[in-house]
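> quick one, structure for this:
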Amino acid sequence: MEKNSGENINSKKIINAIEIPADGSLGLLTLGAVGIKAWRKKRDEEKLKENKNKKNG
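Residues are numbered from 1 along each chain as shown. Modelled structure (predicted):
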């Protein structure tokens, strides 16, 4: 039996279906760890974009 890391399959489907705002959203908290991970990923992606723009701009 495969061990579940606490992530609900339905939560993953929801995350894939919505656009994650870089500023975060209270609704992401309702998804638990999956929502927090998705927000952190989006936040980090946005920071990388900003840093690239500053270097190129």
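
> can you check which helix is longest in this protein?
Secondary structure of the chain read by DSSP state H shows that its longest helix is helix 33-56.

> could you pull up the mean pLDDT of that one?
The average pLDDT within helix 33-56 is 91.

> which residues touch it?
Under the contact criterion CB atoms under 8 Å, 6 or more residues apart in numbering, helix 33-56 has outside partners 6-8, 11-12, 15, 20-22, 24-25, 27-29, 31. C-beta coordinates here come from the backbone N, C-alpha and C atoms, glycine included.

> in helices, which of these appear?
Using DSSP H, the subset of those located in helices is 11, 12, 15, 27, 28, 29.

> adding pLDDT and distance to residue 46, write those residues out as a markdown table.
A markdown table is the format used below for these (pLDDT from 0 to 100; distance: CB to CB, whole Å):
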| residue | pLDDT | distance to residue 46 |
| --- | --- | --- |
| 11 | 74 | 22 |
| 12 | 75 | 21 |
| 15 | 79 | 16 |
| 27 | 84 | 18 |
| 28 | 84 | 15 |
| 29 | 85 | 19 |
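
> need the max-distance pair from those.
12 and 29 (16.1 Å; CB to CB).

> buried members of the contacts of helix 33-56 into ChimeraX, please.
The following ChimeraX line selects those of the contacts of helix 33-56 that are buried, judged by 16 or more other CB atoms under 10 Å:
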select :11,15,20,28,31
